[in-house]
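Enquirer: quick one: sequence plus predicted model below, questions after.
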Amino acid sequence: MAKCEVCYRHCELSEGKRGFCGVRTVICTEDGGLKVYPLNYGKVTGVALDPIEKKPLARFMPGSRIISVGSYGCNLRCPFCQNYEISWSEGAYAFENEADYLSPEELANLALEYKNRGNVGVAFTYNEPLIGYEYVRDTARIVHEMGMVNVLVSNGMASIDVLNQIIPYIDAMNIDLKGFTDHYYTDVLQGNRAMVMDFIVEAVKHCHVELTTLIIPGENDSEKEMAQLSEWIASLKDNDGNIIGKEIPLHITRFFPRFHMTDRDATDVRVMQKLADIARQNLNYVYLGNV
Ligand code: SF4
């Protein structure tokens, strides 16, 4: 048995057994030991040359495009997931056999090939990249050596050790801060708010960070919650202890019924605008998405 330390679940893994994310398992090493390893290493389910604003990143290399790549698996269980086919639906793990393998070198070379079409680097996105952080780290290192940038789009539910492995190579992140109550993170998303907040606290010290909150009617759409969430962002500090939180962009995005959450309407646009107004009392850059 070996324990996975990537996220707060600390899954106990044995050979042939996967963790909650459906991706991490243990393999035997040459010296007879056990090593936790992501089965989705290099298994690519989607590649696209996207505008960087689509990540979303509003204040990092605006107007550029970036090769965006995803794999499969996730360590959350958001019932409204937009990418459920590759994240945690029953079919997601079939990608282990179906997805094409792209080595770190091949992906970095692809990014370089697309440079003359406005590509600035690689974005790790679509599913949760950090459950396979080894691929992010290995690829991003080569992308940096080629003089391009790396973007991470993550739910932020990973340990600081994982962050430390990738941060030398990541230039910008969009991290979900999906709500600001433990109830929502624990009971609705099957996640851990404290781990996400710790990850954000550390990430903003090292690279450009933007945050995203999807507003779900009846779950995280109160004015009080948005006031608390935006106040907390505004209090974040850089590596020297200076408060920089007001400058961190927040994307407030609109929910549409999807996957296992079809029991409510799309978020009212007037609610979205009200919540954005509240966030703007604490933050300088607040953007509405999907309205
Ligand atoms: S990353 Fe996956 S295997 Fe590791 S602790 Fe989290 S859910 Fe478990």
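Expert: Arrived safely.

Enquirer: and the chain, which residues reach the ligand?
Expert: 4, 6-7, 9-11, 19-21, 24, 75, 131 (Cβ under 6 Å from any ligand atom). (Each C-beta comes from the backbone N, C-alpha and C, glycine too.)

Enquirer: could you turn the buried ones of the residues you listed into a PyMOL selection?
Expert: In PyMOL, a selection of the buried entries from the residues of the chain next to the ligand looks like this (16 or more other Cβ atoms under 10 Å):
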select buried, resi 4+6+7+9+11+19+20+21+24+75+131
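
Enquirer: between the residues of the chain next to the ligand, which sits nearest the ligand?
Expert: Taking Cβ to the nearest ligand atom as the measure, the ligand lies nearest Gly19 of these, at 2.1 Å.

Enquirer: so who does the closest residue to the closest one other than its chain neighbours touch?
Expert: Distances taken as Cβ to Cβ, 6 or more residues apart in numbering place Cys11 nearest to Gly19, at 3.5 Å, with adjacent residues excluded. Residues near Cys11 by Cβ atoms under 8 Å, 6 or more residues apart in numbering: 3-4, 19-21, 24.

Enquirer: hey, where'd the helices end up in the stretch 151-291 of the chain?
Expert: Applying DSSP state H, counting those that start in this stretch to the stretch 151-291 of the chain gives helices spanning 160-166, 182-183, 193-203, 223-234, 269-280.

Enquirer: other residues contacting the second one?
Expert: In this case it means helix 182-183. 193-194.

Enquirer: equivalent analysis for the last one, please.
Expert: With Cβ under 8 Å, 6+ apart as the test, helix 269-280 has contacts from 215, 217, 221, 223, 226-227, 229-230, 250, 252, 254, 286, 288, 291.

Enquirer: tell me how many other residues crowd the nearest residue to Glu15 once chain neighbours are set aside.
Expert: What sits nearest to Glu15 in space, not counting adjacent residues and going by Cβ to Cβ, 6+ apart, is Val26, at 5.8 Å. Val26 has 22 neighbours, counted by other Cβ atoms under 10 Å.

Enquirer: quickly find the element holding Val26.
Expert: Taking DSSP states H and E as the criterion, the element that holds Val26 is strand 24-28.

Enquirer: can you tell me which residues contact the most centrally placed residue in the chain?
Expert: Taking Cα atoms, centre = their mean, the centroid of the chain lies closest to Ser154, which sits 0.8 Å from it. Neighbouring residues of Ser154 by Cβ under 8 Å, 6+ apart: 124, 128-130, 173-176.

Enquirer: could you rerun that using 6 Å?
Expert: 129-130, 175 (Cβ atoms under 6 Å, 6 or more residues apart in numbering).

Enquirer: what do you get for Lys246?
Expert: 234, 283-284.

Enquirer: and what of Pro79?
Expert: 260-261.

Enquirer: now do the buried residues in the next helix or strand after the strand holding Val26.
Expert: Using DSSP H and E, the next helix or strand after strand 24-28 towards the C-terminus is strand 34-38. In terms of neighbour count (16+ other Cβ under 10 Å), strand 34-38 has its buried residues at 36-38.
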